[in-house]
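K.L.:
Task: produce atomic coordinates for the following.
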Amino acid sequence: MLSRREALQFGSLILLLAFTDIAWGATILGVRVWPAPDYTRVTIESDGLLKAKQFFVTSPPRLAVDIEGIELSPQLKELVGSVKSDDPFISGIRVGQNAPGVVRLVIDLKQSALPQVFNLPPIAAYQHRLVFDLYPTEVIDPLQALIAEKERDKPASPPTPRNDPLGDLIAQQSTRPTTSSTSNTTKTIAPRADSMPANATKRIENTPPIPPTNTDRLIIIALDPGHGGEDPGAIGPAGTREKDITLKVAQKLRERINATTLKGNPMRAFLTRDGDFFVPLHVRVQKAQRVQADLFISIHADAFTVPTARGASVFALSQSGATSATARYMAQKENSADAVGGINVQTKDAQVQRALLDMSTTAQINDSLKLGSNVLGEIGSFAKLHKPKVEQAGFAVLKAPDIPSVLIETAFISNPEEEQKLRDEAYQDQLADGIMRGLLRYFAKNPPLARTRTRS
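P.N.:
This is a model prediction of the structure:
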């Protein structure tokens, strides 16, 4: 039996050891891998700040990271099995105890990559996060991909009837066999210029060169499914995540856009994300600009602090403040996506892009209001509206200076009844149909400007 004094001393020792363990090392709360065509992200979440040192090996390509102050845990070992076979960047992950208090993480790569390693402070439902972003060294041009897709879908031209006497003559002469005087080898003799009709040489010389493959008036709609990856967006009472709903609606809308032509001009949809991964707000705008989009539509499902809020809304950009307290609240919530999803604030490119986003024009805003009004009118034909007109606020994702842009809040996912609707595939189809009708109504009064996109 321990005496009272011994028991107190023993208890103090236990408390001291526990305190020392907490102060010395962080506890790993979760690990996640987010593969995407643009980049792959690996996240390690912990209850304390993790200090890491990294180095990149080029042959074979791999990223090695030493995480200090922790021991190898079952959570870290889960990373090994988290890599998918179709991950475009990662072929495998290895973890091991490199030294006492140091865990080494080795990410084996399928291709050379540009890694970024950074920490994110606690926010929303997350505690400390250590993030590894792996970007390709050569970025695929999304506009070229859209044009190539359009060319593949173009129906084959029927064979034209032969009505070219000169071509027939050349074909006959070029296939006429002639035997050499010194051998029995058969040769193909080119036609002599003096054996052609008088104007044949002139006709050949004046034949215009074959122009580069181009696509005249490919109408491109940039669709922006809100949130994604580390940022789930709003979560409904039944656990429905905004990022999942927005992606499904965007994919359905893409099907409708890609099956539509406007006065003979094909339409194509470009998604800023086509999977469950995070895209920073300024990159979403940048992507739309890179494909020279004619319109930009950001799709969301909002939430409020009380479950009674309901109704769909459409927003355009404002340069002079929000048109209502609700619009201001929504803009603040959506603009916080970067902090939740996690961007590397040390990258200079992001800062430059943010500065460029302040250059939006009055003409862009006016066109956005027209687009938003048409879309809102169509959604209002089958859904309850939160406000009867297009509202305005400083949404960062709407700040492309040359692209009419709107943000659609399809419903309040925090409302149990509307959450159930958003989960229903038939209602998602209804939303996609309504937005599509709104686009066509807008184009009927505001035809796309003439533009030629050339594929090199």
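K.L.:
Poorly predicted segments of the stretch 201-350 of the chain, please.
P.N.:
Along the stretch 201-350 of the chain, the model assigns pLDDT under 70 to residues 201-216, 347-350.
K.L.:
Thought Val139 was touching Leu114, still the case?
P.N.:
No: between Leu114 and Val139 there is no contact under C-beta atoms under 8 Å: 9.9 Å. (Glycine included, C-beta is placed from N, CA and C.)
K.L.:
intersection of neighbour lists for those two?
P.N.:
Counting by C-beta atoms under 8 Å, 6 or more residues apart in numbering, no residue touches both Leu114 and Val139.
K.L.:
What residue, apart from its backbone neighbours, is nearest Val375 spatially?
P.N.:
Of all residues beyond its chain neighbours, the one nearest Val375 is Gly438 (3.3 Å), with distances taken as C-beta to C-beta, 6 or more residues apart in numbering.
K.L.:
wait, isn't the one you found in contact with Ser381?
P.N.:
No: counting by C-beta under 8 Å, Ser381 is not a contact partner of Gly438; they are 10.0 Å apart.
K.L.:
Who has more neighbours out of those two?
P.N.:
When Gly438 and Ser381 are compared for neighbours, Gly438 comes out ahead with 24 against 10, by other C-beta atoms under 10 Å.
K.L.:
Model confidence at the more buried one, what's the number?
P.N.:
Per-residue pLDDT puts Gly438 at 98.
K.L.:
What is the helix or strand harbouring it packed up against?
P.N.:
Element membership of Gly438, judged by DSSP states H and E, is helix 425-445. On a contact count with 3 or more C-beta pairs under 8 Å, 6 or more residues apart in numbering; DSSP states H and E, helix 425-445 meets helix 242-258, strand 295-302, helix 362-379.
K.L.:
tell me which residues in that helix are buried?
P.N.:
427-439, 441-443 (16 or more other C-beta atoms under 10 Å).
K.L.:
now do stretch 242-254
P.N.:
242-254.
K.L.:
Show me which of the residues you listed is closest to His227.
P.N.:
When those are ranked by distance to His227 (C-beta to C-beta), Lys243 comes first, at 3.9 Å.
K.L.:
From Leu253, how far out is the closest one?
P.N.:
16 Å (C-beta to C-beta, to the nearest Å).
K.L.:
List the contacts of stretch 372-390.
P.N.:
Residues outside stretch 372-390 that contact it (C-beta under 8 Å, 6+ apart) are 297, 309-316, 324, 326, 369, 406, 408-412, 430-431, 434-435, 437-439, 441-442.
K.L.:
and with 7 Å instead?
P.N.:
The contact list for stretch 372-390, computed with C-beta atoms under 7 Å, 6 or more residues apart in numbering, reads 310-316, 369, 406, 408, 430, 434-435, 437-438, 441-442.
K.L.:
Roughly how far does the closest residue to Gln420 other than its chain neighbours sit from Glu230?
P.N.:
Closest residue to Gln420 apart from its sequence neighbours, by C-beta to C-beta, 6+ apart: Ala238 at 7.5 Å. Remark: distance between Ala238 and Glu230 (C-beta to C-beta) = 22 Å.
K.L.:
How about Pro37?
P.N.:
For Pro37 relative to Glu230 (C-beta to C-beta), the value is 17 Å.
K.L.:
Tell me which of those two has more neighbours.
P.N.:
Glu230 (23 against 15).
K.L.:
who are the neighbours in contact with that one?
P.N.:
43, 278, 340-342.
K.L.:
could you redo the last one with a cut-off of 10 Å?
P.N.:
32, 34, 41, 43, 45, 120, 124, 126, 129, 131, 243, 276-278, 337, 340-342 (C-beta atoms under 10 Å, 6 or more residues apart in numbering).
K.L.:
Which of those residues fall within helices?
P.N.:
Judged by DSSP state H, the contacts of Glu230 include 243, 337, 340-341 as members of helices.
K.L.:
mind putting those in CSV, distance to Arg217 included?
P.N.:
Output for the ones in helices among the contacts of Glu230, formatted as CSV (distance: C-beta to C-beta, whole Å):
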residue, distance to Arg217
Lys243, 33
Ala337, 33
Val340, 39
Gly341, 35
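K.L.:
which two from those end up farthest apart in space?
P.N.:
So, these by C-beta to C-beta: farthest apart are Lys243 and Val340, at 10.8 Å.
K.L.:
hang on, the earlier thing: from the buried residues of helix 425-445, which is closest to Gln75?
P.N.:
Gln428 (35.3 Å).
K.L.:
and that closest one, what pLDDT?
P.N.:
Looking at Gln428, the pLDDT reads 98.
K.L.:
list the contacts for it?
P.N.:
Taking C-beta under 10 Å, 6+ apart, we find Gln428 in contact with 245, 248-253, 410, 421-422.
K.L.:
orientation of the helix or strand that Val314 is a member of relative to helix 425-445 in degrees?
P.N.:
Per DSSP H and E: Val314 is located in strand 313-317. Calculated by axes from the mean of the first three to the mean of the last three C-alpha atoms, to 10 degrees, strand 313-317 forms an angle of 40 degrees with helix 425-445.
K.L.:
any idea where the strands of the stretch 101-250 of the chain begin and end?
P.N.:
Per DSSP state E, counting those that start in this stretch, the stretch 101-250 of the chain carries strands over the ranges 102-109, 113-120, 128-136, 177-179, 186-188, 214-216, 219-225.
K.L.:
Now mean neighbour count and distance to Thr272 too, for those, in CSV please.
P.N.:
Shown next, in CSV, are the strands of the stretch 101-250 of the chain (neighbours: other C-beta atoms under 10 Å; distance: least, C-beta to C-beta, whole Å):
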stretch, mean neighbour count, distance to Thr272
strand 102-109, 20, 25
strand 113-120, 17, 20
strand 128-136, 21, 16
strand 177-179, 9, 61
strand 186-188, 9, 55
strand 214-216, 15, 21
strand 219-225, 26, 5
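K.L.:
among those, which gets the worst mean confidence?
P.N.:
Mean pLDDT is lowest for strand 186-188 among those, at a mean of 37.
K.L.:
Excluding sequence neighbours, find me the nearest residue to Ala396.
P.N.:
In space, Ala396 is closest to Leu281, 4.5 Å off (C-beta to C-beta, 6+ apart).
K.L.:
And Gln127, by the same measure?
P.N.:
That would be Asp47: by C-beta to C-beta, 6+ apart, it lies 5.4 Å from Gln127.
K.L.:
Also Arg437?
P.N.:
Nearest to Arg437 is Glu378, by C-beta to C-beta, 6+ apart, at 4.5 Å.
K.L.:
State the distance from the one you found to Ile147.
P.N.:
Distance, Glu378 to Ile147, using C-beta to C-beta: 29 Å.
K.L.:
And Lys445, by the same measure?
P.N.:
27 Å.
K.L.:
ok, now Pro115?
P.N.:
31 Å.
K.L.:
List the residues that contact Glu334.
P.N.:
226-227, 233, 281, 298, 300, 302, 315, 393, 395-398, 407, 409.
K.L.:
What are the phi and psi values at it?
P.N.:
The phi/psi pair for Glu334 (degrees, to the nearest 10) reads phi -70, psi -30.
K.L.:
for Ala303, same thing?
P.N.:
phi -150, psi 160.
K.L.:
That'll do, ta.
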